[in-house]
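Engineer: Below is the sequence, then the predicted model.
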2 protein chains.
Amino acid sequence: MALAAAMERSNPADRYTASIARLIPATGDGVPLARQCTSCSLEQHCFPLGTRASDAVVSTRKRLYKGATLFRAGDPFTALYAIRSGSCKTVLLTEDGREQVSAYYIRGEYVGVDGVGATTHNCEAIALEDTEICVLPFAHLEALARDNERVQQTIHRVLASEIARERSIMLMLGTMRAEQRLAAFLLDLSRRYRERGYSSTEFVLRMTREEIGSYLGLKLETVSRLFSHMHREGLVQVQGRVVKLLDLSALKGLVTSSVQ
Amino acid sequence: MALAAAMERSNPADRYTASIARLIPATGDGVPLARQCTSCSLEQHCFPLGTRASDAVVSTRKRLYKGATLFRAGDPFTALYAIRSGSCKTVLLTEDGREQVSAYYIRGEYVGVDGVGATTHNCEAIALEDTEICVLPFAHLEALARDNERVQQTIHRVLASEIARERSIMLMLGTMRAEQRLAAFLLDLSRRYRERGYSSTEFVLRMTREEIGSYLGLKLETVSRLFSHMHREGLVQVQGRVVKLLDLSALKGLVTSSVQ
DNA sequence: CGCGCCGTTGATATTATTCAAGACCAGTGG
DNA sequence: CCACTGGTCTTGAATAATATCAACGGCGCG
């Protein structure tokens, strides 16, 4: 059965278990990074490749085990991080102890954009599973951008997409009810997986109910109840973290229904 | 009495009355803009001034009557707009008719940052009172930025502050309760007025209860009740749109109280 | 004066949270 | 192998927070 298959595809060893945070060597060590970049399937999402070695945007790669911290609030901002595989969350922390999951990034997306224009990061980024990352030193990107209009525009595009992303979260938190938020969350994931060549209707959530709740401004019990309710309604099939979207148009309808 | 005085300072003619949207000539017409910039008191908030005429970042000025639209969603993005006087709101609109006030900008702040990296704006900006605006064509800024690192960094700073602003709204919407949100809103305004040399404890709101509610993810009745409640508690003095903050530390305590 | 918009307040309904109990699952150690 | 543990998830009942519906007062404006 499809769900069971998806369950097996997800690494059972990393479910519910936070590994010890540490760095492990990236694959491809020894191969010049510039050459790795030219063969990277993310090319169209990434920065334009120059012709000289000094044009390389990626300085190095990192591998993070599940639960590892990529950076913390207050860490100096030095680079953007492109996710090659895996996923990360970012968490906002306030002085008074409030905290909120502010983003969930998957392959082909940039983590660390919050530090641009500042000297330090103001959130922390944590790997939700074993994750491979390209490091793009920002001072170097800025230098390239002064020479190369396309690089400059890519920086602006990355910043702008972060603004747009946060804007849509604002809109969600400000105008949607609980069930609409969860539907919107699932549809957003669906779209992003589709854009990156994964299944858009069947995927494994890498976050706990509590993390999803934090992202959506809800309590974990509410998230759980909503999943159950959507399941009963036949909109989705949910088995722990394995989700199958059964009725995309009904989900879209839920989001669009202007009950509020 | 102080409240009555503040009431008088606000132009009674523009209270509750939307004027017809149209452009009126900016003051200082005929004076070279570069010279106007050198005498602008916002200098430290704005882009660095170059020495040549071609370095000027401001191409022109605009005056908007209350209710006038600066740009609409879908309008081509061509420029950033710095507010010289007055205030604007931006409104997000979705296909399905949901809408939300997403920002409230005052003197010295930049409107239109949402368009950076895109070809069109995705929100609409509306003057909340008669407002004077400096137009900074973005293509020109980008060109200057390639020559001048300080300009480049100013662009990044402006983008980053927009990201930070949206982030704090996300945090507010995701983790605070109604009363905390309103307190946070008032304290945010207080800080921004103080930074710009206005009174930090006494000001006139330029938004209706409904607009404030939209911004805070609340209904207008809730906002009204909260104002009344805070008034009874002695935290603020509220008379229509004239607000006096009586107990800043109690307001801060409200925001910080981790009831949730 | 009457109209339209804005704001306040009360009663009621709806929605989401809180508190609490228990199930499930994987890893651990006897 | 099994019992135990800790983290995660689900569900129910009670409660709190917020929205909705409705009425009314105030004010500026034509």
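Structural biologist: Cool, the structure landed. Residues are numbered from 1 along each chain as shown, chains lettered A, B, ... in the order given.
Engineer: where do the strands sit along chain A?
Structural biologist: A:23-24, A:60-64, A:69-71, A:79-85, A:87-93, A:99-106, A:110-111, A:123-127, A:131-137, A:202-204, A:236-239, A:242-245 (DSSP state E).
Engineer: who's in contact with the closest residue to residue A:234 other than its chain neighbours?
Structural biologist: Spatial nearest neighbour of residue A:234, chain neighbours left out: residue A:246 (6.1 Å); criterion: Cβ to Cβ, 6 or more residues apart in numbering or on different chains. All C-beta atoms are positioned from the backbone trio N, CA, C, and that covers glycine. Taking Cβ atoms under 8 Å, 6 or more residues apart in numbering or on different chains as the criterion, residue A:246 is in contact with A:201, A:234, A:235, A:236, A:237.
Engineer: before we move on, what about residue A:105?
Structural biologist: A:83, A:87, A:88, A:89, A:90, A:111.
Engineer: out of those, who's nearest residue B:63?
Structural biologist: residue A:90 (40.9 Å; Cβ to Cβ).
Engineer: neighbouring contacts of stretch A:144-159?
Structural biologist: Here stretch A:144-159 makes contact (Cβ under 8 Å, 6+ apart) with A:47-48, A:50, A:55, A:57, A:80, A:110, A:113, A:116, A:141-142, B:116-117, B:142, B:145-147, B:149, B:152, B:156, B:159-160, B:163.
Engineer: can I assume residue A:113 is in contact with residue A:80?
Structural biologist: Yes. Using Cβ atoms under 8 Å, residue A:113 and residue A:80 qualify as a contacting pair, with a distance of 6.5 Å.
Engineer: Quick check on those two: which one has the bigger neighbour count.
Structural biologist: residue A:113 (28 against 23; other Cβ atoms under 10 Å in any protein chain shown).
Engineer: nearest spatial neighbour of that one, skipping sequence neighbours?
Structural biologist: Residue A:113's closest residue in space is residue A:162 (Cβ to Cβ, 6+ apart), at 4.3 Å.
Engineer: any idea how far residue B:161 is from that neighbour?
Structural biologist: 13 Å (Cβ to Cβ, to the nearest Å).
Engineer: more neighbours, these two?
Structural biologist: For residue A:162 versus residue B:161, the count of surrounding residues by other Cβ under 10 Å is larger for residue A:162: 24 against 15.
Engineer: so what pLDDT did that one get?
Structural biologist: On the pLDDT scale, residue A:162 is placed at 83.
Engineer: ok, it - contacts?
Structural biologist: Listed by Cβ under 8 Å, 6+ apart, the contact partners of residue A:162 are A:110, A:113, A:114, B:163.
Engineer: And for the nearest residue to residue A:76 once chain neighbours are set aside, the neighbour number?
Structural biologist: Once flanking residues are discounted, residue A:76 sits nearest to residue A:120: 5.6 Å by Cβ to Cβ, 6+ apart. Residues within reach of residue A:120, counting by other Cβ under 10 Å, total 14.
Engineer: Could you pull up the contacting residues of residue A:120?
Structural biologist: Residue A:120 touches A:73, A:74, A:75, A:76, A:77, counting by Cβ under 8 Å, 6+ apart.
Engineer: hmm, try it at 7 Å
Structural biologist: By Cβ atoms under 7 Å, 6 or more residues apart in numbering or on different chains, the residues touching residue A:120 are A:74, A:75, A:76, A:77.
Engineer: so what's the first one closest to, chain neighbours aside?
Structural biologist: In other words, residue A:74. Nearest to residue A:74 is residue A:120, by Cβ to Cβ, 6+ apart, at 5.4 Å.
Engineer: Could you tell me the model confidence score at that neighbour?
Structural biologist: Residue A:120 is given a pLDDT of 92.
Engineer: what do you get for the one 5 residues further on?
Structural biologist: Reading off the confidence values, residue A:125 has pLDDT 96.
Engineer: Quick check: the closest residue to it other than its chain neighbours vs chain B, distance?
Structural biologist: In space, residue A:125 comes closest to residue A:70 once its chain neighbours are excluded; the distance is 4.0 Å by Cβ to Cβ, 6+ apart. Here the criterion is Cβ to the nearest Cβ, to the nearest Å. By it, residue A:70 lies 18 Å from chain B.
Engineer: Could you do residue A:220 as well?
Structural biologist: 13 Å.
Engineer: Show the contacting residues for residue A:203.
Structural biologist: Residue A:203 touches A:189, A:193, A:243, counting by Cβ under 7 Å, 6+ apart.
Engineer: can I get the residues you listed in JSON lines with pLDDT and distance to residue A:169?
Structural biologist: Formatted as JSON lines, the contacts of residue A:203 follow (pLDDT from 0 to 100; distance: Cβ to Cβ, whole Å):
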{"residue": "A:189", "pLDDT": "96", "distance to residue A:169": "13"}
{"residue": "A:193", "pLDDT": "94", "distance to residue A:169": "18"}
{"residue": "A:243", "pLDDT": "96", "distance to residue A:169": "20"}
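Engineer: Most neighbours among those, please name it.
Structural biologist: residue A:243 (23 neighbours).
Engineer: Might one say that it is in contact with residue A:205?
Structural biologist: Yes. Residue A:243 lies in contact with residue A:205 (Cβ atoms under 7 Å); the separation is 6.0 Å.
Engineer: follow-up on the earlier one: take the contacts of residue A:162 and write them to CSV, including distance to residue B:124.
Structural biologist: Listed next are the contacts of residue A:162 as CSV, based on distance: Cβ to Cβ, whole Å:
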residue, distance to residue B:124
A:110, 28
A:113, 25
A:114, 26
B:163, 20
